[in-house]
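Peer 1: Sequence first, then the predicted structure, then my questions.
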Amino acid sequence: MTRVNVKTMTVNELVERFVAIALDQDKALFNDEIAKFNKLYGQMDAVRNELKSRPGDQRSALLPLYTHPNIQVRLKGALTTMEVAPEAAREVLQKIADSRRYPQAADALAAIWRLDGKPLVRN
């Protein structure tokens, strides 16, 4: 596999890469490929960090992903843009949580609870 240098990619290429990684994560989740998912998480983190480091914080380029047909893409887009578009991201997270499509719905609900300062576990 060829190593990708996110530093040389345009914002549009980073968004395309983000979508491709999220789609691969979706497949890995449903094929129970945890090691692959973890590797993809690292790749997505590199894209996320690169977008954030660009002038003006280019994570806002991910906002169109809120309407992507794939739930994993929508989830990761919302989670990544919570700092730049908190209300819109929260709406997407709520729709995902309400969909009851797991495991993404659980991740969305956990993010909402964190935003609300609610504990994730009861004692």
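Peer 2: All right, it came through fine.

Peer 1: Can you name the residues that contact the residue nearest to Tyr66 when sequence neighbours are not counted?
Peer 2: In this structure, Tyr66 finds its nearest non-sequential neighbour in Val92, 4.8 Å apart by Cβ to Cβ, 6 or more residues apart in numbering. Where C-beta positions appear, they are placed from N, C-alpha and C, glycine not excepted. Contact partners of Val92, counting by Cβ atoms under 8 Å, 6 or more residues apart in numbering, are 66, 74-75, 77-78.

Peer 1: which SS class is Val92?
Peer 2: Secondary structure for Val92, judged by DSSP: H, G, I helix; E, B strand; the rest coil, is helix.

Peer 1: Run through the chain and note the low-pLDDT ranges.
Peer 2: Counting by pLDDT under 70, the chain contains low-confidence ranges at 1-2, 120-123.

Peer 1: what about the helices in it?
Peer 2: Assigned by DSSP state H, the helices in the chain fall at 11-30, 34-53, 71-80, 86-99, 104-115.

Peer 1: looking at the ones you listed, which is closest to Ala61?
Peer 2: Closest to Ala61 of the helices of the chain, according to Cβ to Cβ: helix 11-30, at 5.0 Å.

Peer 1: buried stuff in that closest one?
Peer 2: Buried residues in helix 11-30, counted by 16 or more other Cβ atoms under 10 Å: 11, 14-15, 17-19, 21-26, 28-29.

Peer 1: Likewise for stretch 104-116?
Peer 2: Quick answer for stretch 104-116 (16+ other Cβ under 10 Å): 104-105, 107-109, 111.
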